[in-house]
Every structure is written in C-alpha cells, then in structure tokens.
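A.B. asks: Quick one, structure for this:
(one chain, ligands or ions: 1)
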Amino acid sequence: MALLEVEDLTVNFYTEEGVVTAVDDLSFRIERGEKFGVVGESGAGKSVTALSVMRLIEDPGRIESGSVRFDGEDLLSMSESAVRDVRGNDIAMIFQDAQTALNPVYTVGEQIAEAIRHHLDYDDRAARDRAIRLLDDVGIPEPAARYDDYPHEFSGGMQQRVVIAMALSCDPDLLIADEPTTALDVTIEAKILDRLERLADEYDTAIQLITHDLGVIAELCDRVMVMYAGRAVETATVEELYYDPKHPYTVGLMSAIPRIGDRQNRLQTIPGTMPDLVEVPSGCSFHPRCPFAEEVCTRKRPPLVDPDTGDSVGLSDRAAACLAYTGDLDNELDYEVEVKGRDAPPDDSQPDPRGVRTDSEPLRADSDPLQTDADLLDRDDNDDAGGRQDG
Ligand SMILES: Nc1ncnc2c1ncn2[C@@H]1O[C@H](COP(=O)(O)OP(=O)(O)OP(=O)(O)O)[C@@H](O)[C@H]1O
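C.D. replies: Okay, the predicted model is just below:
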C-alpha cells in the first residue's frame, strides 16, 4: 500500500470573478520514504493540492470530489479531530516563510520541545534532549546553547532549519515542504536541501516537495509531477524528466534553464502566462502557449497516457498529457534536449542530473519575477557562519 494516494481530486474556489478550479481531477501517489516533487509555475495548483492533503482548504474553497488516502484511510471522510491527529503526528508541513511558523515570544528550543511533548507524550527532560538532538541534526551549531535563543536571533537560513527540526520532531511519515528554500540564498538553499535529503533518509520520511524550480527537484527528488492549470501534465522519475521530457510544457520549463535548450531555439522561454483559471482554455489548457499546438489541441483535452504506447496509466507510471501521444497530432513534437553535466558522460551512459547543478550557476527557472538575482544579492544571510544576526 502506498503512503499517500490522491485520486480524482478536484478543488474549486468560489470567487466574485467566478468558479476557479485550482485542482482539476488530479491523481498521484507517494510511496513510503519517497521524495516526490511537484513543479509548475505560479498558479498551477501546487499549494492547493498540498493544503487539500492536509485538509486545510478554507472558504471560499471547497474540495469537490476525490479521495486522499493516507496509510489506507481517506482523510477527506475522517472527523476533524482524527485529521488533527494525523497533522503533526503523521504529516507535517513547512512553508517558504520560516518566520510565520515560529512564535517570536518563545525560544526555539521551547517551541520544538512543546511540539514533542504534545505529540509524543515525553516529559520535560526527554523533550528537551530530543529538541537539542534535532537542532543538531538540522545543522545548528552549539545546539544546547542555541536552545534558549529566540527566533529573531537566528538568520533566515537557520530559522528554516529550526522549522525543519520542528516538523521532524514527531517523526512524521510525510513531510510536505512548500517552497521551503525559495526565500533563501542559493548556497544556503543547497545546504538545506542536502540536509533535508539526509534527514528524510535517516528518519524514513517521505517528502512532497513543492517548487517552481526544476533545479531544486533535481537536487532532492526521486519522482516528479509537473502541474499546469490544476492538472498533472507529466509524471516521471527525475532522470526520465531531465533526459527525456515528454510534455512541451516540461520542455519549456527546462528551457528557462540556459544549458538545456532545443535546436530551433523556440522553447527558450515559455511565451505567455498561466491562464486565468476561471476561464481555462478549451482542449489542452497549454495550447495557447504551445509551439506544437494544432487545431485539435483547441478542442480535445489530452488524457495522461504512457508516452510510448498511448495507453492509460497507473498512479505511479511515467505519463504525459499531450495529444502527440494519442495519435491526434499531424506532426511530431520537434525538440531536442541537451544536458551538459560537469563531467562528460562515458560513452552513451547518462550523467547524474544532480551533477548538472554543480558546474556553474544553479539550475533555476528565471521566469519567476519573484526570484531575481538582485533579490538574492540583497539578502545577507549568516547561515554559513551559523552565527547570530547582529542587532
Ligand atoms: N484563497 C483563495 N481564493 C481564491 N482563489 C484561490 C485561493 N487560493 C488559491 N486560489 C486559486 O488557486 C490557484 C492555484 O493556487 P496555488 O496556490 O495552488 O498555486 P501554486 O501552484 O502553489 O502557485 P504559487 O507558487 O504561486 O503558490 C490560484 O491561481 C488561485 O486562482
């Protein structure tokens, strides 16, 4: 049995502008201990998917249909108190902004110890010891001394480490991380992702990592789901996705990364923006932005199929939702993906995609206006030194 099985999930928001279908008939599965990435541009429905799994969708949103089975039990039909037990004990969630997750009036140690006492029924001494060990695990230097510091005495990167410690404090089976490193400097981001990966292995925790950045996916994940306008457009292992992407949107996301491009230079950036979800384009919702779109794409919605056979697929299988794979297009998709790693691959074997990241700039889709180099340069984070911030 998979750890998490989401089937046919549909979530609407009832806004003044109309009904927004933020998640549209979405299905996916996460195995125990698996690191599962969810990637897509802003508005793809990634966060709403995560909040639905935690059953945290609030007005004007509504989970219309589908099931979310965690360890075999459907979270959507559980009582509110049973779901509260699952949250924190079995599923933990961390967000981009560490500051909002930490209470400024308590020391970080007290906050972690409180979570441990609450969920694991430890006494004060045992909770304190476990909190210090967790601070050490996430890479806080001198954890026993830092236990008594307040959140504002930590840099942004160190605060996010504290949040990770708190999330792991109850040994959850699933950690949902929504853009956990987006607000951080890229070097600190790499360190935190590395630490997260090691801890997930050590604690045997599965991760659902939400990001707009394919480089972050390469760093951490085993399998990926690419989302567009509330739907999955491609699912694959990280290796498959990087070396042989099947959906034009995935190719477009990768082409925003300078070293991966296509022959005609047509997909260097994805033209246009995510559609208004009140009026999603007919047929394939990506068709207005797709360089390969044909007339049929404007009227026929592509199902997720096995790109090799065109057959329907199971929840964990390699799949793409493009009419190129159902025999509906007159022409073939014409692109070429070139991945240049630091080390040239021996003969015809493929390099590790994680190696791609190390040769110069980190892989980062530069189409996100929120994430500019200037932004990153402005942030003075003392994470490297692990020291306290001035002031
Ligand atoms: N509280 C809300 N009220 C109305 N619409 C909402 C609300 N929350 C989300 N939506 C709609 O759901 C869509 C998907 O949002 P979601 O936050 O899941 O996207 P995302 O892929 O996580 O993007 P981002 O990276 O910007 O968070 C949004 O475009 C928005 O239209």
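
A.B. asks: May I see the buried residues of the helix or strand harbouring residue 198?
C.D. replies: Here residue 198 sits within helix 186-203, counting by DSSP states H and E. Neighbour-count burial for helix 186-203 flags 186, 188-193, 196-197, 199-200 (criterion: 16 or more other CB atoms under 10 Å). In short, each C-beta sits where N, CA and C put it, glycine included.

A.B. asks: With distance to residue 160 and pLDDT as extra columns, can I get the residues you listed in JSON lines?
C.D. replies: What follows is the buried residues of helix 186-203, written out as JSON lines (distance: CB to CB, whole Å; pLDDT from 0 to 100):
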{"residue": "186", "distance to residue 160": "14", "pLDDT": "82"}
{"residue": "188", "distance to residue 160": "8", "pLDDT": "82"}
{"residue": "189", "distance to residue 160": "9", "pLDDT": "85"}
{"residue": "190", "distance to residue 160": "13", "pLDDT": "85"}
{"residue": "191", "distance to residue 160": "10", "pLDDT": "84"}
{"residue": "192", "distance to residue 160": "6", "pLDDT": "86"}
{"residue": "193", "distance to residue 160": "11", "pLDDT": "89"}
{"residue": "196", "distance to residue 160": "10", "pLDDT": "89"}
{"residue": "197", "distance to residue 160": "15", "pLDDT": "92"}
{"residue": "199", "distance to residue 160": "13", "pLDDT": "87"}
{"residue": "200", "distance to residue 160": "15", "pLDDT": "91"}
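
A.B. asks: nearest to the ligand, of the residues you listed?
C.D. replies: Nearest to the ligand among these: residue 189, at 15.9 Å, using CB to the nearest ligand atom.

A.B. asks: any idea how far the closest one is from residue 163?
C.D. replies: Counting by CB to CB, to the nearest Å, the gap from residue 189 to residue 163 is 14 Å.

A.B. asks: ok, now residue 9?
C.D. replies: From residue 9 over to residue 163 (counting by CB to CB), the distance is 26 Å.

A.B. asks: Ok, residue 108 next?
C.D. replies: From residue 108 across to residue 163, the span is 9 Å (CB to CB).

A.B. asks: what residues are shared contacts of these two?
C.D. replies: In the contact map built from CB atoms under 8 Å, 6 or more residues apart in numbering, the residues linked to both residue 108 and residue 163 are residue 102.

A.B. asks: What residue in this protein is the furthest from its centre?
C.D. replies: Distance from the C-alpha centroid of the chain peaks at residue 125, with 35.5 Å (CA atoms, centre = their mean).

A.B. asks: what's the closest non-adjacent residue to residue 312?
C.D. replies: Spatial nearest neighbour of residue 312, excluding adjacent residues (CB to CB, 6 or more residues apart in numbering): residue 305 at 6.0 Å.

A.B. asks: With that, I have no additional questions.
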